[in-house]
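Engineer: Return atomic coordinates for the entry below.
(2 chains)
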Amino acid sequence: MKLQKYELKMGKLLKTFEFISEGRKGKILKFIKFEKTGIKNVYNLLFGDKNSKHIDDYVVSNNGDAEKVLATVAEAIVSFTNRYPSSWIYAEGSSRARTRLYQMGINRHLSEILETFEVFGLKDNEWQKFKKESAYDAFLVTRKQVILKHEENSI
Amino acid sequence: MKKTASKIKKQYRLKIDPSLDKYNDISFCPEKLEQANKTLKAVGLPKLKRK
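Structural biologist: Reported below is the predicted structural model:
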């Protein structure tokens, strides 16, 4: 299934992305950034509305294009992991509702996502393979080949 | 394979905006990053079982 996405602009290092959401509230500039964490190859996904020098990841835009916005964020993850194939992406919504929205997005397209990625959900302070029926506090995504390397290294 | 790589490169070339790289070293939500670090430090990465 080919989802509608917004056109992404990205920095040379493919760690920062921008796009314009267009909906019932008008045009909203969105920003995505993959930030290094304290763990090697693990990046935190920052996503929100860009207002001058500030990124608001709490705002509920309500622009009527959530599906298209999430598909665009997914596209950014694909581009980022093409460039950094050993990376893991950590994502947690700025609120329970936002985390649930991410979960619903993953649920809807899980079979396509699993063709390329492994997805884990954080539940009771443990990572579990993502299951549609569970509710998670955060998510971790990586390319399937990273799992194979990870397994080889843990022998 | 070669064709695919060139296609991806072309796609990147068309959409790259170097001005966005200035945000690479700026932390917009340090508290959120701190929270992510705290969680990751506590739980680590998934423990994978070999089949």
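Engineer: Let's verify A:Leu122: helix, strand, or coil?
Structural biologist: Following DSSP: H, G, I helix; E, B strand; the rest coil, we place A:Leu122 in the strand state.
Engineer: how close does it get to A:Phe34?
Structural biologist: Relative to A:Phe34, A:Leu122 is positioned 18 Å away (C-beta to C-beta, to the nearest Å). For the C-beta atoms, the positions are set from N, CA and C on the backbone; glycine is no exception.
Engineer: neighbour count winner among those two?
Structural biologist: More crowded of A:Leu122 and A:Phe34, by other C-beta atoms under 10 Å in any protein chain shown: A:Phe34, with 25 against 20.
Engineer: Report the spatially nearest residue to the more buried one, omitting neighbours in sequence.
Structural biologist: Leaving aside its sequence neighbours, A:Phe34 sits nearest to A:Tyr43 (C-beta to C-beta, 6 or more residues apart in numbering or on different chains; 4.1 Å).
Engineer: For my notes, confirm the one you found occurs in a strand.
Structural biologist: Yes - looking at A:Tyr43 with three-state DSSP, it is inside a strand.
Engineer: who's A:Ile20 bridged to?
Structural biologist: According to DSSP bridges, the partner residues bridging A:Ile20 are A:Leu29.
Engineer: mind listing what it touches?
Structural biologist: A:Tyr6, A:Lys27, A:Ile28, A:Leu29, A:Lys30 (C-beta atoms under 8 Å, 6 or more residues apart in numbering or on different chains).
Engineer: Sort out which residues of the lengthiest helix in chain A are buried, please.
Structural biologist: Assignment by DSSP state H gives helix A:66-83 as the longest helix of chain A. Within helix A:66-83, the residues scored as buried using 16 or more other C-beta atoms under 10 Å in any protein chain shown are A:66, A:68-77, A:79-81.
Engineer: so where's chain B uncertain?
Structural biologist: Residue ranges of chain B with pLDDT under 70: B:1-14, B:48-51.
Engineer: That one against chain A: which residues are in contact?
Structural biologist: B:8, B:12, B:15-21, B:23-24, B:27-29, B:32-33, B:35-37, B:39-48, B:50 (C-beta under 8 Å from any C-beta of the partner chain).
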